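In: Kindly return the folded structure for what I paste below:
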Amino acid sequence: MIIYPAIDLRGGRVVRLKEGDPERQTVFSDDPLAVARLWREQGAAWIHMVNLDGAFASANDNLRILEGVAALGVNVQFGGGLRSMDDLARAAEAGAARLVLGTAAVQQPDIVRQAVERWGAERVCVALDARGGKIATHGWQQTADVSPVELGRQMAALGVKHALYTDVSRDGGLQGVNVAGTVKLARETGLRVIASGGVSSLDDLRALASSGAVAGAVIGMALYEGRFTLGEAFAAAGATHAG
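Out: Sure, this is the predicted structure:
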């Protein structure tokens with residue numbers, strides 16, 4: 001199981017939002033590159049980076065930050081506001097190793113198909129973010145009338161292999177990850193599902209890893225608040241490194 005330390009970007013800073021609410025923001029660093037360098041030095045092979053400005057359709061310079069992080073020699077899984085082939089191409093050119101599509105997967109599934117054809121299934125991931133059992137879109141500000149499993153099956157039919165699953169109600173709250181929902185999604189869609197949102201303890205990681213069905217876990221708030229170290233996360237996930 002791969003561990004992905006998270007870097008959420010807003011206004012050029014590293015932040016965390018509780019339940020995706022822009023009004024409930026905590027700033028952890030004014031230097032995203034320094035944070036990425038720290039995770040890299042501690043053994044991360046992957047970093048999960050979210051362009052929150054892009055998700056909220058705000059002007060930003062986060063592709064420049066992506067370029068800097070990718071230059072550190074770490075794989076970046078990048079998402080937030082990628083809603084067209086041009087958006088995806090710019091992120092890929094900036095160094096993203098994997099591109100995460102959220103809103104586009106719901107509203108423009110053909111873009112997902114095109115992305116898989118252009119960059120290959122290993123470089124494409126769909127975000128199956130859910131609130132109340134339905135898919136959340138537009139930076140989690142709206143919902144669509146489709147369940148994560150339904151959308152996951154549709155994406156698998158388009159050639160998608162990787163999916164990110166976030167229980168929005170748990171994101172940024174250190175309430176514990178939704179293990180059952182993550183495992184169910186993986187088993188019912190056949191996707192390589194990465195758990196995100198709410199990881200608060202090493203027990204969360206052990207539960208995900210022991211299921212044998214979960215491909216990875218994104219960790220944000222728990223690392224930033226020092227609940228455990230990245231090294232301890234790797235050990236709990238049954239890995240000596242991140243990838």
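In: tell me the contacts of residue 51?
Out: For residue 51, the contact set (CB atoms under 8 Å, 6 or more residues apart in numbering) comprises 9, 60, 62-63, 66, 78-81. Bear in mind the C-beta positions are built from the backbone N, C-alpha and C, glycine included.
In: That one and residue 152, how far apart?
Out: Distance of residue 51 to residue 152, given as CB to CB, to the nearest Å: 23 Å.
In: now do residue 200
Out: 25 Å.
In: Likewise for residue 177?
Out: Residue 177 sits 17 Å away from residue 152, going by CB to CB.
In: Which one of those two is surrounded by more residues?
Out: Using other CB atoms under 10 Å as the criterion, residue 177 and residue 152 rank with residue 177 on top: 29 against 25.
In: That one and residue 84: what is the separation?
Out: According to CB to CB, residue 177 and residue 84 sit 31 Å apart.
In: Could you do residue 186 as well?
Out: 29 Å.
In: Give me the more crowded residue out of the two.
Out: Between residue 186 and residue 84, counted using other CB under 10 Å, residue 186 has the larger neighbour count: 23 against 12.
In: That one: what secondary structure?
Out: Secondary structure of residue 186, reduced to three states by DSSP: H, G, I helix; E, B strand; the rest coil: helix.
In: where in the chain is pLDDT low?
Out: For the chain, the stretches flagged by pLDDT under 70 are 18-20, 57-59, 137-142, 144, 169-175, 239-243.
In: in it, which spans are helices?
Out: Taking DSSP state H to define them, one finds helices in the chain at 32-41, 52-55, 62-70, 85-93, 103-107, 109-119, 148-157, 179-189, 202-210, 221-224, 230-236.
In: I'd say residue 147 and residue 131 touch.
Out: No. At 11.4 Å, residue 147 does not count as touching residue 131 under the criterion of CB atoms under 8 Å.
In: just checking, residue 62 touches residue 53?
Out: Yes. Between residue 62 and residue 53 there is a contact under CB under 8 Å: 6.1 Å.
In: Quick check on those two: which one has the bigger neighbour count.
Out: Each of residue 62 and residue 53 has its neighbours counted (other CB under 10 Å); residue 62 has more, 24 against 19.
In: Against residue 34, how distant is the more buried one?
Out: From residue 62 to residue 34 the distance is 16 Å (CB to CB).
In: go on, residue 21?
Out: 26 Å.
In: Tell me which of the two has more neighbours.
Out: Neighbours per residue (other CB under 10 Å) separate residue 21 from residue 34, with residue 21 holding more: 14 against 10.
In: ranking the contacts of residue 51 by neighbours, who comes first?
Out: Counting neighbours by other CB under 10 Å, residue 78 comes out on top of those with 30 neighbours.
In: Spit out the contact partners of it.
Out: In this structure, residue 78 makes contact with 49-51, 66, 91, 96, 98-100, judged by CB under 8 Å, 6+ apart.
In: One more: residue 206?
Out: Per CB under 8 Å, 6+ apart, neighbours of residue 206: 236-237.
In: Next: residue 179.
Out: Remark: with contacts taken as CB under 8 Å, 6+ apart, residue 179 is in contact with 195, 204, 207-208, 211.
In: cutoff 7 Å now
Out: 207-208, 211 (CB atoms under 7 Å, 6 or more residues apart in numbering).
In: Test of understanding: give the bridge partners of the closest residue to residue 105 other than its chain neighbours.
Out: Among residues not flanking residue 105 along the chain, residue 126 sits closest, at 4.5 Å (CB to CB, 6 or more residues apart in numbering). Counting by DSSP bridges, residue 126 forms beta bridges with residue 101, residue 163.
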